[in-house]
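Visitor: fold the following.
(chains A and B)
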Amino acid sequence: MRNVAVVGAGVSPFGRLDALLYQEIGRPAVNDAIENAGIDRKLIESCYYGSCGGVGVGHEIMNECGMIGIPITRVVNACSAGSNAFRLAYMDIASGMSDCVMAMGIEKMKDVTMAVVGGGTRFQIEAKAFAHGSPMSGGGGGGGGGMAAGFALMGRAHMKIYGTKVEDFANITVKSRRNGSKNSKAEFQNLMTLDEVLDDVMINDPLTRSQCCPRTDGAAAVVLMSEDFVKKHHIDTPIWVKGSAMGSNFGGANERAWFKETGSAYPPGFLTDYLVAQKVYKMAKVGPKDFYDRGFVECHDCFSVSEYVHYEDFGFCKKGEGSAMINDGVVEIDGDLPINPSGGLLSVGHPLGATGTRQVAEIFWQMTKDKEVAKRQVPDKHLDLGLQHTLGSPGIGFTNVMHVFSRDL
Amino acid sequence: MRSIQESLITRLKVPTKIGNKIKVKKCNNCGNIRNPPRTYCNRCQGTDFTEVTFGPKGEIITYSSSYKRKATDKQRFFGQVRLFSDNGKDSMGLGGTFDVESIDELDIGQKVELVADDRYNIFKIVRE
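Guide: Here you go, the predicted structure:
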(Lines give C-alpha, C1' and ligand atoms only; values in the text may rest on other atoms or scores of the structure.)
Protein backbone atom coordinates (compact mmCIF):
# COMPACT_ATOMS: atom_id res chain seq x y z
CA MET A 1 0.00 0.00 0.00
CA ARG A 2 1.14 3.52 -0.75
CA ASN A 3 1.47 6.29 1.81
CA VAL A 4 -1.35 8.84 1.77
CA ALA A 5 -1.47 12.36 3.18
CA VAL A 6 -4.11 15.00 3.83
CA VAL A 7 -2.93 18.24 2.22
CA GLY A 8 -5.84 20.66 2.52
CA ALA A 9 -9.21 21.18 4.20
CA GLY A 10 -12.26 23.42 3.96
CA VAL A 11 -15.39 23.64 6.11
CA SER A 12 -18.58 25.64 5.60
CA PRO A 13 -20.26 27.37 8.52
CA PHE A 14 -22.45 24.84 10.39
CA GLY A 15 -26.02 25.68 11.40
CA ARG A 16 -29.56 25.93 10.06
CA LEU A 17 -28.93 26.57 6.38
CA ASP A 18 -32.40 25.75 5.05
CA ALA A 19 -32.44 28.76 2.73
CA LEU A 20 -29.27 27.68 0.93
CA LEU A 21 -28.89 25.26 -1.97
CA TYR A 22 -26.56 22.30 -1.54
CA GLN A 23 -24.20 23.94 -4.03
CA GLU A 24 -24.15 27.12 -1.95
CA ILE A 25 -23.12 25.15 1.15
CA GLY A 26 -20.70 22.75 -0.50
CA ARG A 27 -18.89 24.95 -3.04
CA PRO A 28 -17.11 27.16 -0.46
CA ALA A 29 -15.91 24.07 1.46
CA VAL A 30 -14.53 22.43 -1.69
CA ASN A 31 -12.89 25.62 -2.97
CA ASP A 32 -11.43 26.38 0.48
CA ALA A 33 -9.94 22.87 0.65
CA ILE A 34 -8.27 23.31 -2.74
CA GLU A 35 -6.99 26.77 -1.80
CA ASN A 36 -5.80 25.43 1.58
CA ALA A 37 -3.89 22.69 -0.25
CA GLY A 38 -2.43 25.23 -2.64
CA ILE A 39 -2.96 23.04 -5.69
CA ASP A 40 -4.55 23.29 -9.11
CA ARG A 41 -8.03 21.78 -9.04
CA LYS A 42 -7.22 19.89 -12.25
CA LEU A 43 -5.10 17.54 -10.11
CA ILE A 44 -8.21 16.11 -8.42
CA GLU A 45 -8.81 12.72 -10.04
CA SER A 46 -11.87 11.49 -8.18
CA CYS A 47 -14.25 12.41 -5.39
CA TYR A 48 -16.07 10.49 -2.67
CA TYR A 49 -18.76 12.32 -0.74
CA GLY A 50 -20.92 11.41 2.20
CA SER A 51 -24.53 12.53 2.16
CA CYS A 52 -27.50 10.65 3.55
CA GLY A 53 -30.17 12.98 2.21
CA GLY A 54 -28.64 14.69 -0.79
CA VAL A 55 -29.08 12.55 -3.90
CA GLY A 56 -26.50 13.50 -6.51
CA VAL A 57 -25.55 16.73 -4.75
CA GLY A 58 -21.84 15.92 -4.79
CA HIS A 59 -21.96 15.72 -8.56
CA GLU A 60 -23.60 19.14 -8.71
CA ILE A 61 -21.08 20.67 -6.31
CA MET A 62 -18.05 19.28 -8.13
CA ASN A 63 -19.58 20.51 -11.37
CA GLU A 64 -20.07 23.97 -9.86
CA CYS A 65 -16.43 23.89 -8.76
CA GLY A 66 -15.21 23.15 -12.27
CA MET A 67 -14.25 19.52 -11.75
CA ILE A 68 -16.22 17.92 -14.54
CA GLY A 69 -15.89 14.36 -15.75
CA ILE A 70 -14.07 12.80 -12.79
CA PRO A 71 -15.45 9.72 -10.97
CA ILE A 72 -17.78 10.82 -8.16
CA THR A 73 -19.18 8.37 -5.62
CA ARG A 74 -21.89 9.05 -3.06
CA VAL A 75 -21.60 7.26 0.29
CA VAL A 76 -24.66 6.67 2.48
CA ASN A 77 -23.77 5.17 5.84
CA ALA A 78 -25.60 7.24 8.44
CA CYS A 79 -23.37 9.22 10.80
CA SER A 80 -20.28 7.50 9.39
CA ALA A 81 -20.95 8.57 5.78
CA GLY A 82 -18.28 11.29 5.79
CA SER A 83 -15.70 9.06 7.45
CA ASN A 84 -16.50 6.31 4.96
CA ALA A 85 -16.03 8.76 2.08
CA PHE A 86 -12.63 9.69 3.52
CA ARG A 87 -11.69 6.03 3.94
CA LEU A 88 -12.62 5.26 0.32
CA ALA A 89 -10.56 8.25 -0.87
CA TYR A 90 -7.66 6.94 1.21
CA MET A 91 -8.04 3.45 -0.27
CA ASP A 92 -8.27 4.91 -3.80
CA ILE A 93 -4.82 6.45 -3.39
CA ALA A 94 -3.27 3.71 -1.23
CA SER A 95 -4.21 1.13 -3.87
CA GLY A 96 -2.45 3.08 -6.60
CA MET A 97 -5.61 3.92 -8.54
CA SER A 98 -5.32 7.69 -8.03
CA ASP A 99 -2.80 10.24 -6.79
CA CYS A 100 -5.06 13.11 -5.72
CA VAL A 101 -8.61 12.63 -4.41
CA MET A 102 -11.20 14.76 -2.69
CA ALA A 103 -13.27 13.48 0.25
CA MET A 104 -16.29 15.60 0.93
CA GLY A 105 -19.40 15.50 3.09
CA ILE A 106 -22.56 17.55 2.99
CA GLU A 107 -25.96 17.43 4.61
CA LYS A 108 -29.16 19.38 4.85
CA MET A 109 -30.88 17.58 7.68
CA LYS A 110 -34.39 18.35 6.49
CA ASP A 111 -33.72 15.83 3.70
CA VAL A 112 -32.58 13.08 6.06
CA THR A 113 -35.47 10.74 6.74
CA MET A 114 -36.10 7.55 8.63
CA ALA A 115 -35.87 5.70 5.33
CA VAL A 116 -32.13 6.40 5.03
CA VAL A 117 -31.11 6.37 8.68
CA GLY A 118 -32.13 3.47 10.81
CA GLY A 119 -35.83 3.45 10.13
CA GLY A 120 -37.81 0.99 12.17
CA THR A 121 -34.85 -0.54 13.95
CA ARG A 122 -33.64 -1.13 17.46
CA PHE A 123 -32.25 2.40 17.72
CA GLN A 124 -35.38 3.80 16.17
CA ILE A 125 -35.43 7.37 15.09
CA GLU A 126 -38.77 8.99 15.54
CA ALA A 127 -39.31 10.67 12.19
CA LYS A 128 -40.93 13.84 13.43
CA ALA A 129 -38.38 14.46 16.13
CA PHE A 130 -35.53 13.82 13.75
CA ALA A 131 -36.84 15.97 10.94
CA HIS A 132 -38.37 18.81 12.89
CA GLY A 133 -37.32 18.60 16.51
CA SER A 134 -34.48 20.53 18.07
CA PRO A 135 -32.11 17.80 19.15
CA MET A 136 -31.95 14.24 17.90
CA SER A 137 -34.55 13.29 20.41
CA GLY A 138 -36.38 10.10 20.93
CA GLY A 139 -40.10 9.77 20.87
CA GLY A 140 -41.98 8.51 23.82
CA GLY A 141 -44.73 6.36 22.42
CA GLY A 142 -44.86 2.61 22.46
CA GLY A 143 -41.62 1.20 23.76
CA GLY A 144 -39.74 4.46 23.71
CA GLY A 145 -37.02 4.75 21.11
CA GLY A 146 -34.90 7.29 19.31
CA MET A 147 -31.19 7.94 19.22
CA ALA A 148 -31.17 9.86 22.48
CA ALA A 149 -33.17 7.10 24.12
CA GLY A 150 -30.58 4.49 23.24
CA PHE A 151 -27.77 6.52 24.74
CA ALA A 152 -29.88 7.41 27.78
CA LEU A 153 -30.42 3.71 28.45
CA MET A 154 -26.68 3.20 28.11
CA GLY A 155 -26.02 6.05 30.53
CA ARG A 156 -28.43 4.67 33.12
CA ALA A 157 -26.74 1.26 32.96
CA HIS A 158 -23.34 2.93 33.32
CA MET A 159 -24.54 4.83 36.39
CA LYS A 160 -25.79 1.64 38.01
CA ILE A 161 -22.77 -0.54 37.24
CA TYR A 162 -19.99 2.01 37.81
CA GLY A 163 -21.57 4.67 40.02
CA THR A 164 -21.25 7.36 37.34
CA LYS A 165 -23.11 10.60 38.16
CA VAL A 166 -25.32 12.74 35.92
CA GLU A 167 -22.87 15.59 36.55
CA ASP A 168 -20.08 13.55 34.94
CA PHE A 169 -22.05 13.31 31.68
CA ALA A 170 -23.15 16.96 31.86
CA ASN A 171 -19.58 18.18 32.32
CA ILE A 172 -18.80 16.88 28.84
CA THR A 173 -21.23 19.45 27.42
CA VAL A 174 -19.65 22.19 29.56
CA LYS A 175 -16.25 21.28 28.09
CA SER A 176 -17.70 21.03 24.59
CA ARG A 177 -19.24 24.53 24.76
CA ARG A 178 -16.00 25.96 26.10
CA ASN A 179 -14.17 24.63 23.01
CA GLY A 180 -17.05 25.45 20.66
CA SER A 181 -16.99 29.08 21.80
CA LYS A 182 -13.59 29.30 20.09
CA ASN A 183 -14.86 27.84 16.80
CA SER A 184 -16.42 30.37 14.42
CA LYS A 185 -17.91 27.53 12.32
CA ALA A 186 -19.78 25.93 15.25
CA GLU A 187 -23.57 26.07 15.53
CA PHE A 188 -23.38 26.68 19.29
CA GLN A 189 -20.71 29.15 20.38
CA ASN A 190 -22.20 30.03 23.77
CA LEU A 191 -20.75 28.89 27.09
CA MET A 192 -22.89 26.82 29.47
CA THR A 193 -22.48 26.16 33.17
CA LEU A 194 -23.01 22.76 34.75
CA ASP A 195 -26.27 23.95 36.32
CA GLU A 196 -27.53 25.25 32.98
CA VAL A 197 -26.83 21.88 31.35
CA LEU A 198 -28.52 19.94 34.14
CA ASP A 199 -31.53 22.29 34.26
CA ASP A 200 -32.07 22.20 30.49
CA VAL A 201 -35.15 20.48 28.99
CA MET A 202 -35.11 16.77 29.77
CA ILE A 203 -35.04 14.69 26.58
CA ASN A 204 -34.50 11.14 27.82
CA ASP A 205 -33.34 10.85 31.42
CA PRO A 206 -30.43 11.41 32.18
CA LEU A 207 -29.84 13.32 28.91
CA THR A 208 -30.94 16.95 28.85
CA ARG A 209 -31.23 18.88 25.55
CA SER A 210 -27.75 20.37 25.63
CA GLN A 211 -26.30 16.88 26.04
CA CYS A 212 -27.74 15.97 22.62
CA CYS A 213 -26.09 17.18 19.41
CA PRO A 214 -28.21 19.46 17.23
CA ARG A 215 -29.43 18.60 13.76
CA THR A 216 -27.21 20.79 11.67
CA ASP A 217 -26.59 21.60 8.01
CA GLY A 218 -23.07 21.98 6.66
CA ALA A 219 -20.28 20.71 4.45
CA ALA A 220 -16.61 19.81 4.81
CA ALA A 221 -13.98 18.75 2.28
CA VAL A 222 -10.41 17.50 2.44
CA VAL A 223 -7.81 16.83 -0.27
CA LEU A 224 -5.71 13.64 -0.12
CA MET A 225 -2.49 12.93 -2.01
CA SER A 226 -0.06 10.09 -2.60
CA GLU A 227 3.50 10.40 -1.29
CA ASP A 228 4.77 10.76 -4.87
CA PHE A 229 2.42 13.69 -5.50
CA VAL A 230 3.28 15.33 -2.19
CA LYS A 231 6.92 15.40 -3.26
CA LYS A 232 6.19 16.32 -6.87
CA HIS A 233 3.99 19.28 -5.89
CA HIS A 234 6.19 20.40 -2.98
CA ILE A 235 3.51 20.16 -0.29
CA ASP A 236 5.06 21.64 2.87
CA THR A 237 2.76 20.31 5.56
CA PRO A 238 1.33 16.90 4.67
CA ILE A 239 -0.46 15.08 7.46
CA TRP A 240 -0.05 11.35 6.95
CA VAL A 241 -2.76 8.76 7.36
CA LYS A 242 -1.11 6.10 9.52
CA GLY A 243 -4.11 3.92 10.15
CA SER A 244 -7.62 3.35 8.82
CA ALA A 245 -10.05 0.84 10.30
CA MET A 246 -13.74 0.11 10.14
CA GLY A 247 -16.09 -2.34 11.73
CA SER A 248 -19.74 -3.09 12.01
CA ASN A 249 -21.99 -4.96 14.32
CA PHE A 250 -25.56 -6.05 14.48
CA GLY A 251 -27.14 -4.42 17.50
CA GLY A 252 -28.66 -7.58 18.85
CA ALA A 253 -25.44 -9.55 18.57
CA ASN A 254 -23.57 -6.69 20.20
CA GLU A 255 -25.96 -6.76 23.11
CA ARG A 256 -25.73 -10.47 23.51
CA ALA A 257 -21.95 -10.36 23.49
CA TRP A 258 -22.02 -8.00 26.44
CA PHE A 259 -25.01 -9.64 28.05
CA LYS A 260 -22.99 -12.35 29.76
CA GLU A 261 -20.13 -10.06 30.70
CA THR A 262 -22.00 -7.17 32.23
CA GLY A 263 -25.46 -8.53 32.77
CA SER A 264 -26.72 -5.66 30.66
CA ALA A 265 -28.54 -5.90 27.35
CA TYR A 266 -27.69 -2.26 26.73
CA PRO A 267 -23.94 -2.33 27.27
CA PRO A 268 -22.50 0.80 28.81
CA GLY A 269 -20.18 1.10 25.82
CA PHE A 270 -19.63 -0.15 22.29
CA LEU A 271 -17.89 -3.45 21.72
CA THR A 272 -17.32 -2.49 18.07
CA ASP A 273 -15.57 0.74 19.06
CA TYR A 274 -13.20 -1.28 21.20
CA LEU A 275 -12.49 -3.74 18.38
CA VAL A 276 -12.03 -1.05 15.70
CA ALA A 277 -9.72 0.91 18.01
CA GLN A 278 -7.55 -2.17 18.39
CA LYS A 279 -7.42 -2.55 14.60
CA VAL A 280 -6.46 1.07 13.91
CA TYR A 281 -3.86 1.10 16.70
CA LYS A 282 -2.28 -2.03 15.23
CA MET A 283 -2.12 -0.56 11.72
CA ALA A 284 -0.67 2.74 13.00
CA LYS A 285 1.68 0.92 15.38
CA VAL A 286 0.48 2.95 18.36
CA GLY A 287 -1.42 2.29 21.55
CA PRO A 288 -3.90 4.34 23.56
CA LYS A 289 -1.14 5.49 25.92
CA ASP A 290 0.69 7.11 23.00
CA PHE A 291 -2.07 9.69 22.72
CA TYR A 292 -1.38 10.96 26.24
CA ASP A 293 1.06 13.85 25.96
CA ARG A 294 1.59 13.20 22.21
CA GLY A 295 -1.83 13.29 20.61
CA PHE A 296 -5.40 14.50 20.57
CA VAL A 297 -8.77 13.14 19.49
CA GLU A 298 -11.82 14.16 17.47
CA CYS A 299 -14.49 11.60 18.37
CA HIS A 300 -18.21 11.09 17.84
CA ASP A 301 -19.85 12.89 20.78
CA CYS A 302 -23.39 12.75 19.43
CA PHE A 303 -24.49 12.66 23.08
CA SER A 304 -22.53 13.33 26.26
CA VAL A 305 -22.84 9.65 27.16
CA SER A 306 -21.27 8.61 23.87
CA GLU A 307 -18.10 10.70 24.38
CA TYR A 308 -17.87 9.32 27.92
CA VAL A 309 -17.98 5.66 26.85
CA HIS A 310 -15.51 6.34 24.02
CA TYR A 311 -12.87 7.29 26.65
CA GLU A 312 -13.24 3.77 27.97
CA ASP A 313 -13.77 1.87 24.71
CA PHE A 314 -10.68 3.45 23.10
CA GLY A 315 -8.60 2.29 26.07
CA PHE A 316 -7.77 5.77 27.38
CA CYS A 317 -8.97 4.60 30.80
CA LYS A 318 -10.47 1.51 32.37
CA LYS A 319 -14.20 0.87 32.36
CA GLY A 320 -15.80 2.98 35.05
CA GLU A 321 -12.94 5.49 35.21
CA GLY A 322 -14.18 7.92 32.56
CA SER A 323 -15.40 10.41 35.18
CA ALA A 324 -11.85 11.31 36.19
CA MET A 325 -11.03 12.05 32.53
CA ILE A 326 -13.65 14.78 32.35
CA ASN A 327 -13.73 15.99 35.96
CA ASP A 328 -9.94 16.29 36.35
CA GLY A 329 -9.50 18.20 33.07
CA VAL A 330 -7.58 15.44 31.29
CA VAL A 331 -9.59 15.95 28.07
CA GLU A 332 -9.39 19.77 27.99
CA ILE A 333 -7.38 21.49 25.22
CA ASP A 334 -4.55 22.07 27.72
CA GLY A 335 -5.02 18.67 29.39
CA ASP A 336 -3.01 15.47 29.06
CA LEU A 337 -5.25 14.20 26.25
CA PRO A 338 -7.30 16.88 24.44
CA ILE A 339 -10.58 15.45 23.14
CA ASN A 340 -12.79 17.30 20.66
CA PRO A 341 -10.95 20.65 20.67
CA SER A 342 -13.35 21.76 17.90
CA GLY A 343 -16.30 21.54 20.30
CA GLY A 344 -17.34 18.22 18.78
CA LEU A 345 -20.77 17.31 17.55
CA LEU A 346 -22.36 18.73 20.69
CA SER A 347 -21.29 22.29 19.77
CA VAL A 348 -20.27 22.26 16.11
CA GLY A 349 -23.35 20.24 15.14
CA HIS A 350 -23.87 17.00 13.29
CA PRO A 351 -24.67 17.05 9.57
CA LEU A 352 -24.45 13.27 9.15
CA GLY A 353 -22.55 13.16 5.86
CA ALA A 354 -20.19 16.02 6.74
CA THR A 355 -19.16 15.15 10.29
CA GLY A 356 -16.36 12.71 9.43
CA THR A 357 -14.63 15.03 6.96
CA ARG A 358 -15.15 17.96 9.34
CA GLN A 359 -13.27 15.99 12.02
CA VAL A 360 -10.42 15.23 9.60
CA ALA A 361 -10.29 18.95 8.68
CA GLU A 362 -9.98 19.84 12.38
CA ILE A 363 -7.12 17.36 12.83
CA PHE A 364 -5.36 18.67 9.69
CA TRP A 365 -5.69 22.30 10.81
CA GLN A 366 -4.54 21.51 14.34
CA MET A 367 -1.48 19.60 13.14
CA THR A 368 -0.53 22.28 10.61
CA LYS A 369 -1.27 25.08 13.11
CA ASP A 370 -3.65 26.71 10.64
CA LYS A 371 -5.01 30.14 11.52
CA GLU A 372 -8.49 28.59 11.40
CA VAL A 373 -7.89 26.95 14.82
CA ALA A 374 -5.70 29.69 16.36
CA LYS A 375 -8.14 30.30 19.23
CA ARG A 376 -8.33 26.62 20.14
CA GLN A 377 -4.86 25.45 19.17
CA VAL A 378 -3.82 22.22 20.84
CA PRO A 379 -0.33 22.58 22.44
CA ASP A 380 2.67 21.58 20.29
CA LYS A 381 3.51 18.46 22.26
CA HIS A 382 0.11 16.97 21.35
CA LEU A 383 0.49 17.39 17.60
CA ASP A 384 2.36 14.15 16.89
CA LEU A 385 -0.78 12.02 16.67
CA GLY A 386 -4.42 12.63 15.82
CA LEU A 387 -7.29 10.16 16.20
CA GLN A 388 -10.56 10.55 14.30
CA HIS A 389 -13.67 8.49 15.02
CA THR A 390 -17.30 8.27 13.99
CA LEU A 391 -20.03 5.93 15.08
CA GLY A 392 -22.92 5.41 12.71
CA SER A 393 -26.13 3.49 13.07
CA PRO A 394 -27.26 2.85 9.50
CA GLY A 395 -30.15 0.65 10.40
CA ILE A 396 -30.14 -2.16 12.85
CA GLY A 397 -26.46 -2.20 13.81
CA PHE A 398 -23.45 0.04 14.04
CA THR A 399 -20.74 1.21 11.66
CA ASN A 400 -17.58 2.46 13.30
CA VAL A 401 -14.73 4.19 11.47
CA MET A 402 -11.41 5.35 12.90
CA HIS A 403 -8.26 6.95 11.46
CA VAL A 404 -4.88 7.79 12.96
CA PHE A 405 -2.88 10.73 11.60
CA SER A 406 0.73 11.78 12.10
CA ARG A 407 2.95 14.64 11.02
CA ASP A 408 5.75 12.15 10.43
CA LEU A 409 5.77 9.72 7.54
CA MET B 1 -47.50 -24.40 -7.03
CA ARG B 2 -45.65 -21.86 -4.87
CA SER B 3 -44.34 -18.69 -6.46
CA ILE B 4 -40.63 -17.85 -6.35
CA GLN B 5 -41.43 -15.12 -3.82
CA GLU B 6 -43.35 -17.50 -1.58
CA SER B 7 -40.50 -20.00 -1.68
CA LEU B 8 -38.11 -17.38 -0.24
CA ILE B 9 -40.24 -16.37 2.72
CA THR B 10 -38.58 -17.40 5.99
CA ARG B 11 -40.93 -15.71 8.46
CA LEU B 12 -42.96 -18.08 10.59
CA LYS B 13 -46.62 -17.18 10.79
CA VAL B 14 -46.95 -17.94 14.47
CA PRO B 15 -47.89 -15.53 17.26
CA THR B 16 -44.84 -14.78 19.41
CA LYS B 17 -46.80 -13.11 22.17
CA ILE B 18 -49.42 -15.16 23.88
CA GLY B 19 -51.00 -13.43 26.85
CA ASN B 20 -48.19 -12.34 29.12
CA LYS B 21 -45.64 -14.72 27.66
CA ILE B 22 -43.34 -14.66 24.63
CA LYS B 23 -42.78 -17.76 22.52
CA VAL B 24 -39.52 -17.82 20.57
CA LYS B 25 -37.21 -20.34 18.90
CA LYS B 26 -33.92 -21.57 20.32
CA CYS B 27 -31.39 -23.07 17.91
CA ASN B 28 -30.57 -26.66 18.85
CA ASN B 29 -27.14 -26.33 17.24
CA CYS B 30 -25.74 -23.13 18.79
CA GLY B 31 -28.30 -22.07 21.41
CA ASN B 32 -29.12 -18.77 19.70
CA ILE B 33 -32.48 -17.27 20.69
CA ARG B 34 -34.37 -16.24 17.55
CA ASN B 35 -36.95 -13.52 18.10
CA PRO B 36 -39.00 -13.00 16.02
CA PRO B 37 -38.84 -16.62 14.89
CA ARG B 38 -37.61 -17.56 11.44
CA THR B 39 -37.04 -20.85 9.68
CA TYR B 40 -33.23 -20.57 10.12
CA CYS B 41 -30.69 -19.46 12.72
CA ASN B 42 -28.87 -16.24 11.85
CA ARG B 43 -25.75 -17.37 13.69
CA CYS B 44 -25.09 -20.87 12.36
CA GLN B 45 -27.75 -21.11 9.59
CA GLY B 46 -29.17 -24.19 11.32
CA THR B 47 -32.83 -25.10 10.90
CA ASP B 48 -33.44 -27.27 13.97
CA PHE B 49 -35.19 -25.37 16.78
CA THR B 50 -36.84 -25.90 20.13
CA GLU B 51 -39.69 -23.64 21.19
CA VAL B 52 -38.97 -21.77 24.43
CA THR B 53 -41.45 -19.68 26.39
CA PHE B 54 -40.29 -16.56 28.22
CA GLY B 55 -42.08 -14.45 30.83
CA PRO B 56 -43.95 -13.06 32.50
CA LYS B 57 -41.19 -12.71 35.12
CA GLY B 58 -38.21 -10.52 34.45
CA GLU B 59 -35.94 -7.82 35.81
CA ILE B 60 -35.03 -4.32 34.65
CA ILE B 61 -31.75 -4.03 32.76
CA THR B 62 -31.92 -0.29 32.12
CA TYR B 63 -34.55 2.45 31.80
CA SER B 64 -35.22 6.07 30.83
CA SER B 65 -38.04 8.59 30.41
CA SER B 66 -39.70 9.82 27.24
CA TYR B 67 -39.36 13.33 25.83
CA LYS B 68 -42.41 15.52 26.53
CA ARG B 69 -42.72 17.81 23.54
CA LYS B 70 -45.71 19.54 25.10
CA ALA B 71 -46.54 19.98 28.76
CA THR B 72 -49.74 18.04 28.16
CA ASP B 73 -47.91 15.02 26.74
CA LYS B 74 -48.08 11.96 28.94
CA GLN B 75 -44.74 11.14 30.50
CA ARG B 76 -43.77 7.56 29.70
CA PHE B 77 -40.99 5.40 31.05
CA PHE B 78 -39.32 2.78 28.94
CA GLY B 79 -36.34 0.46 28.96
CA GLN B 80 -35.00 -3.03 28.56
CA VAL B 81 -36.02 -6.05 30.60
CA ARG B 82 -34.43 -9.45 30.95
CA LEU B 83 -37.22 -12.01 30.68
CA PHE B 84 -36.65 -15.46 32.12
CA SER B 85 -37.71 -18.72 30.49
CA ASP B 86 -40.20 -21.10 32.07
CA ASN B 87 -37.46 -23.51 33.07
CA GLY B 88 -35.21 -20.70 34.33
CA LYS B 89 -32.33 -21.80 32.11
CA ASP B 90 -32.52 -19.02 29.52
CA SER B 91 -33.10 -15.29 29.46
CA MET B 92 -33.72 -12.78 26.69
CA GLY B 93 -33.77 -8.99 26.42
CA LEU B 94 -37.05 -7.26 25.56
CA GLY B 95 -37.80 -3.54 25.24
CA GLY B 96 -41.03 -1.98 26.47
CA THR B 97 -42.70 0.59 28.70
CA PHE B 98 -43.13 0.50 32.46
CA ASP B 99 -46.52 1.00 34.07
CA VAL B 100 -45.35 3.56 36.65
CA GLU B 101 -46.04 7.24 37.40
CA SER B 102 -42.50 8.35 38.25
CA ILE B 103 -38.96 7.42 37.24
CA ASP B 104 -38.18 7.16 40.95
CA GLU B 105 -40.18 3.92 41.01
CA LEU B 106 -37.65 2.26 38.69
CA ASP B 107 -34.30 0.70 39.45
CA ILE B 108 -31.95 -1.61 37.56
CA GLY B 109 -32.41 -5.18 38.76
CA GLN B 110 -35.97 -4.54 39.94
CA LYS B 111 -38.44 -7.42 39.45
CA VAL B 112 -41.14 -6.84 36.81
CA GLU B 113 -43.82 -8.83 35.01
CA LEU B 114 -44.93 -8.64 31.38
CA VAL B 115 -48.57 -7.57 31.07
CA ALA B 116 -50.95 -9.21 28.57
CA ASP B 117 -51.32 -6.63 25.80
CA ASP B 118 -51.58 -7.38 22.09
CA ARG B 119 -50.04 -4.09 20.89
CA TYR B 120 -47.25 -3.09 23.26
CA ASN B 121 -44.75 -4.64 25.62
CA ILE B 122 -45.82 -3.25 29.00
CA PHE B 123 -44.20 -4.22 32.28
CA LYS B 124 -45.60 -3.78 35.78
CA ILE B 125 -43.48 -3.57 38.88
CA VAL B 126 -43.58 -6.60 41.21
CA ARG B 127 -43.95 -5.33 44.78
CA GLU B 128 -42.49 -7.77 47.25
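Visitor: measure how buried the residue of chain B found nearest chain A is and give me the count.
Guide: Closest residue of chain B to chain A, Cβ to the nearest Cβ: B:Ser66 (2.4 Å). For every residue, glycine as well, the C-beta is placed using N, CA and C. Using other Cβ atoms under 10 Å in any protein chain shown, B:Ser66 has 27 neighbouring residues.
Visitor: and A:Ile333, what does it touch?
Guide: A:179, A:341, A:376-379 (Cβ atoms under 8 Å, 6 or more residues apart in numbering or on different chains).
Visitor: who wins for neighbours among those?
Guide: The contacts of A:Ile333, ranked by neighbours (other Cβ under 10 Å): first place A:Pro341, 26 neighbours.
Visitor: from A:Trp240, how far out is that one?
Guide: Applying Cβ to Cβ, to the nearest Å, the value for A:Pro341 to A:Trp240 is 20 Å.
Visitor: tally of neighbours for residue 30?
Guide: Let's take chain A. Here the number of neighbours of A:Val30 (other Cβ under 10 Å) works out to 31.
Visitor: wait, chain B
Guide: Under the neighbour criterion other Cβ under 10 Å, B:Cys30 is assigned a count of 11.
Visitor: mind listing what it touches?
Guide: Taking Cβ under 8 Å, 6+ apart, we find B:Cys30 in contact with B:41, B:43-44, B:46.
Visitor: which of the residues you listed has the weakest pLDDT?
Guide: Comparing pLDDT over the contacts of B:Cys30, the lowest score belongs to B:Arg43 (81).
Visitor: quick one on the thing from earlier: of the contacts of A:Ile333, closest to A:Gly146?
Guide: Using Cβ to Cβ, A:Asn179 comes nearest to A:Gly146 of the contacts of A:Ile333, at 26.3 Å.
Visitor: OK, contacts around the closest one?
Guide: By Cβ under 8 Å, 6+ apart, A:Asn179 lies in contact with A:333, A:340-344, A:347, A:376.
Visitor: for A:Ala245, same thing?
Guide: With contact taken as Cβ under 8 Å, 6+ apart, A:Ala245 is in contact with A:276-277, A:279-280, A:283, A:401-403.
Visitor: now name the helix or strand holding the most centrally placed residue in chain B.
Guide: In chain B, the centroid-proximal residue (Cα atoms, centre = their mean) is B:Leu94; its distance is 3.5 Å. Applying DSSP states H and E as the criterion places B:Leu94 in strand B:91-98.
Visitor: average model confidence for that strand?
Guide: On average, strand B:91-98 scores 86.
Visitor: pairing partners for that strand, with directions?
Guide: Using DSSP bridges, strand B:91-98 pairs in its sheet with strand B:77-85 (antiparallel), strand B:122-125 (parallel).
Visitor: reformat those as TSV; add mean neighbour count and mean pLDDT.
Guide: As requested, the strands paired with strand B:91-98 are exported to TSV (neighbours: other Cβ atoms under 10 Å in any protein chain shown; pLDDT from 0 to 100):
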stretch	mean neighbour count	mean pLDDT
strand B:77-85	23	89
strand B:122-125	20	96
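Visitor: so which bits of chain B are right by chain A?
Guide: When proximity is defined by Cβ under 8 Å from any Cβ of the partner chain, chain B lies next to chain A at B:61-69, B:73-76, B:78-80, B:82, B:93, B:95-97, B:103, B:107-109, B:120-121.
Visitor: so who does A:Cys302 touch?
Guide: Shown in contact with A:Cys302 (Cβ under 8 Å, 6+ apart): A:79, A:136, A:147, A:151, A:212-213, A:345-346, A:350, A:391.
Visitor: how about the strands in chain B?
Guide: Per DSSP state E, chain B carries strands over the ranges B:17-18, B:21-27, B:33-34, B:49-65, B:77-85, B:91-98, B:111-114, B:122-125.
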